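>>> model this:
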Amino acid sequence: MARDIIDAHSVESRDALVSWLEAGCKPAASFRVGTEHEKIPFYRADLTPVPYEGARGIRALLEGMQSLLGWEAIVDGDNLIGLFDAAGGGAISLEPGGQFELSGAPLETVHQTAAEIDAHLRQVSEIGAPLGIGFLALGMSPKWTLAQTPIMPKGRYQIMARYMPKVGTRGLDMMFRTATVQSNLDFSDEADMVKKLRVGLALQPLLTALFANSPFTDGKLNGFLSARSEIWRHTDNHRAGMLPFAFEPGMGFERYVDYALDVPMYFVKRGAQYHDVAGASFRDLLAGRLEALPGERATISDWANHLSTIFPEVRLKRYLEMRGADVGPAARICALSALMVGLYYDSAALDSAFDLVRDWSAAERQKLRDDVPRLALGATIAGRRLTEIGREILALARAGLGRRARLDESGRNEAVYLDPLDEFIETGRVAAQDWIARFEGEWNGAVDPAFTEACY
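Presented below is the predicted three-dimensional model:
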């Protein structure tokens, strides 16, 4: 979630940055799952994007949500750009092109996640319907060009938009036209973090395949099943990718800090002002030698915000973020968190998943990541198709969730949320392939029906 951290405590050393990450360790009894998802607003009447301003714009949508929920405002200057639930920990924020994001609260069970998502979707429908606004459940906006896409009034996004074309060819598409679902999970200590990071990175292409849901761009087929994932391959590779160093001996919090220190910065925020330092080094800020802000010293806020501008397939903060999946309908949003909870929060499942991926080489992992946006479950690694690997991983997750035995009122454990993934594994076909078949069949080469069939 792109909500800035506020903590003005100064940071004097690299060791303090390591300690800040390490403070995320918690006992297994305190493990939680947080689920974030973005959705793309549009006007139902003419299928056009929703601008920020106006009586029926994004700001009006946020104001309506604030009135309904009573959450605290997040502002950028005079602009309302998000809401925060101080009691529960959830938040609503805006991505650069108006993508409307729920950053869910840290919850104990996937049952609670499902209830949270259901409530949120009912709430945005209640507020959005009178404004004529609907929400797409696709991983990329299917119809509008980049030029037609609105720009949200947030300082950090302006800095990013200026910088992105200098370091990749698709950064603006990533910012303004894609939508993801993300699951955030905890670790108990450094060794647990490293094992989960490695399993998550190795399996992120499988998640991309299972959740592939972005086959349209500019009103036509784009040649990919997950165009969103393909876009990331061409978006500032200094801060994205598969983190091959995470599999090397000596991996831990210190190694990730060293990596993050070498990722160029975007901004330094002081008060309400974003200072554009794009391309500068956090090491220089740490030493008080930042050219754009001479003498300014790093704070915890600077470090936390810098970590939020690093975009690997799995991101380390004080928890781990799974970043490989296209957004989809509510059932698949829950499925992602169920899959990762089943793998991460049961030691036997985690050990088995690690055994499955531990012998894959960096080159094999990278090739899989490169192939999946086009091939989805048809991709292979180490001589095995992803459908076969996915079947094993789903079985491990189901078993892990069964042993967790967190039951709902009907006596079902969290494995029920994995059901939407079963058909993909059994058929080898993912949602994007079904959309392509509709586009080439009953839609007669038009994407407009997606605004009815692929929306919440």
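>>> Show the low-confidence segments of this structure, by residue range.
1-7 (pLDDT under 70).
>>> Stretch 47-56: which residues count as buried?
Across stretch 47-56, burial judged by 16 or more other C-beta atoms under 10 Å covers 47, 49-52, 56. In this view, the C-beta of every residue, glycine as well, is placed from N, C-alpha and C.
>>> actually stretch 330-340, not the one I wrote
330, 332-340.
>>> Return that stretch as PDB; C-alpha atoms alone will do.
Extracted C-alpha coordinates of stretch 330-340, given in PDB (Å, rounded to 0.1, in the frame of the first residue of the first chain):
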ATOM      1  CA  ALA A 330     -13.300 -11.900  -4.500                       C
ATOM      2  CA  ALA A 331     -13.000 -15.700  -4.400                       C
ATOM      3  CA  ARG A 332      -9.600 -15.500  -6.000                       C
ATOM      4  CA  ILE A 333      -8.500 -12.700  -3.700                       C
ATOM      5  CA  CYS A 334      -9.100 -15.000  -0.800                       C
ATOM      6  CA  ALA A 335      -7.500 -17.900  -2.600                       C
ATOM      7  CA  LEU A 336      -4.100 -16.200  -2.700                       C
ATOM      8  CA  SER A 337      -4.100 -15.600   1.100                       C
ATOM      9  CA  ALA A 338      -5.300 -19.100   1.800                       C
ATOM     10  CA  LEU A 339      -2.600 -20.600  -0.400                       C
ATOM     11  CA  MET A 340       0.200 -18.700   1.300                       C
END
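>>> ok, residues contacting that stretch?
33, 35, 37, 110, 113-114, 117-118, 121, 181-183, 185, 200, 207, 211, 213, 322, 325, 327, 393-394, 397, 401, 414-415, 417-421, 431, 456 (C-beta atoms under 8 Å, 6 or more residues apart in numbering).
>>> now the residue nearest to Pro106 when sequence neighbours are not counted: how far from Tyr417?
Among residues not flanking Pro106 along the chain, Arg32 sits closest, at 3.6 Å (C-beta to C-beta, 6 or more residues apart in numbering). The gap separating Arg32 from Tyr417 is 16 Å, by C-beta to C-beta, to the nearest Å.
>>> Neighbour count: these two, which is higher?
Tyr417 (26 against 18; other C-beta atoms under 10 Å).
>>> For the stretch 251-400 of the chain, which segments count as helices?
For the stretch 251-400 of the chain, helices defined by DSSP state H, counting those that start in this stretch occupy the ranges 253-262, 282-286, 300-307, 330-344, 347-357, 362-375, 386-404.
>>> Next, the angle helix 347-357 makes with the fourth one.
With axes from the mean of the first three to the mean of the last three C-alpha atoms, to 10 degrees as the criterion, the two stretches helix 330-344 and helix 347-357 enclose an angle of 90 degrees.
>>> so how far is helix 330-344 off the chain centroid?
Distance of helix 330-344 from its chain centroid, counting by C-alpha atoms, centre = their mean, to the nearest Å, is 13 Å.
>>> With the shortest one instead?
The offset between the C-alpha centroid of helix 282-286 and the centroid of the whole chain comes to 27 Å, using C-alpha atoms, centre = their mean.
>>> What are the buried residues along stretch 284-291?
284-286, 290.
>>> Look through the chain and report the residue furthest from the middle.
Relative to the mean C-alpha coordinate of the chain, counting by C-alpha atoms, centre = their mean, the farthest residue is Gly295 (34.6 Å).
>>> Quick one: residues contacting it.
With C-beta under 8 Å, 6+ apart, Gly295 has these contacts: Gly288.
>>> Recalculate using a threshold of 10 Å.
The contact partners of Gly295, by C-beta atoms under 10 Å, 6 or more residues apart in numbering, come to 288-289.
>>> if I look at it, how far off is Tyr274?
For Gly295, the distance to Tyr274 - C-beta to C-beta - is 19 Å.
>>> angle of the lengthiest strand in the chain against helix 330-344?
Longest strand in the chain by number of residues (criterion: DSSP state E): strand 33-43. Orientation check (the same axes, to 10 degrees): strand 33-43 against helix 330-344 gives 160 degrees.
>>> in the helix or strand following strand 33-43, what's buried?
Beyond strand 33-43 on the C-terminal side, the first helix or strand identified by DSSP states H and E is helix 58-69. Residues of helix 58-69 classed as buried by neighbour count (16+ other C-beta under 10 Å): 58-62, 64-66, 69.
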